[in-house]
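Colleague: sequence and predicted structure, then a few things I'm wondering about:
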Amino acid sequence: MSSRRTFETLVLPHLDAAYNLARWLLRDERSAEDVVQEASLRAFRYIGSLRGDDARAWLLGIVRNTCFTLLERQRNGPDLVEFDDAEFEAALGADHGGGADPAAQLEQRRLRTQIDAAIRALSPPLREVIVLREFEDLDYAQIAQIVAVPVGTVMSRLSRAREKMRSVLSQSNPGALR
């Protein structure tokens, strides 16, 4: 199989996951698009180094590294662009329309906003593992491969991330998390 065909078959199906990870790590839609494009070019260039058939973890590792390289470059520069809550709501499809209860929709929207804020408040190492596990549904071994740490470190980071989120969410919504 040619490099192009291998790339198209194994890597392209995971571009949505790559964008999702980049968007959460960078907290900026345009930067996430740029990072995914750059990571895709790197993946295409180095497709021959892909071992096995887990192209998703391989690509997400490239995306992660590209994100952290960009964040390092921006460290002394201006702050990252603020997350657009309205765009986040639209992307999640918060308005399902129809005869849904407006009070329930409002409560759901409020909870999504609180969860988003809790995730954004996490440090990048905690944010990346929560996004990879909860949004991308990767197992511990895949996450460990992507972030280049032992599985035990992934588990402890996930535990800390969940605990911090639980704490933040329980403060903003007492009684909701039992």
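Modeller: Received, thanks.
Colleague: residue contacts, the residue nearest in space to the middle of the chain?
Modeller: The centre of the chain sits closest to residue 21, judged by Cα atoms, centre = their mean, with a distance of 2.8 Å. Residue 21 sits next to 60, 63-64, 67, 128, 131-132, 136 when contact means Cβ atoms under 8 Å, 6 or more residues apart in numbering. To be clear about C-beta, it is placed using only N, CA and C from the backbone, and glycine gets the same treatment.
Colleague: same question for stretch 139-158, mean pLDDT?
Modeller: What stretch 139-158 shows for mean pLDDT is 94.
Colleague: same question for stretch 114-127.
Modeller: Stretch 114-127 comes out at a mean pLDDT of 89.
Colleague: stretch 40-53 now?
Modeller: The average pLDDT for stretch 40-53 rounds to 88.
Colleague: list the buried ones in that stretch?
Modeller: 40, 43, 47, 50 (16 or more other Cβ atoms under 10 Å).
Colleague: who's in contact with that stretch?
Modeller: Contacts for stretch 40-53 (Cβ under 8 Å, 6+ apart): 3-4, 6-7, 10-11, 15, 18, 58-59, 62, 66.
Colleague: same thing but 7 Å
Modeller: With contact meaning Cβ atoms under 7 Å, 6 or more residues apart in numbering, stretch 40-53 is reached by 3, 6-7, 10-11, 15, 58-59, 62.
Colleague: closest to residue 115 out of the buried residues of stretch 40-53?
Modeller: residue 40 (28.8 Å; Cβ to Cβ).
Colleague: tell me the contacts of the closest residue to residue 145 other than its chain neighbours?
Modeller: Ranked by Cβ to Cβ, 6 or more residues apart in numbering and with sequence neighbours excluded, the top spatial neighbour of residue 145 is residue 57, at 5.0 Å. Going by Cβ under 7 Å, 6+ apart, residue 57 touches 138, 142, 145-146.
Colleague: before we move on, the earlier item: show me the two of the contacts of residue 21 that sit farthest apart.
Modeller: Across the contacts of residue 21 (Cβ to Cβ), the longest gap, 14.1 Å, separates 67 and 136.
Colleague: so between these two, which is more surrounded?
Modeller: residue 67 (24 against 20; other Cβ atoms under 10 Å).
Colleague: residue ranges of each domain in this structure, please.
Modeller: For the chain, automatic domain parsing gives the domain ranges 1-82, 85-178.
Colleague: contact partners of the lengthiest helix in the chain?
Modeller: If you go by DSSP state H, the chain has its longest helix at helix 151-172. Outside helix 151-172, the residues that touch it by Cβ under 7 Å, 6+ apart are 114-115, 118-119, 121-122, 125-126, 129-130, 133, 140-141, 143-144, 147, 176-177.
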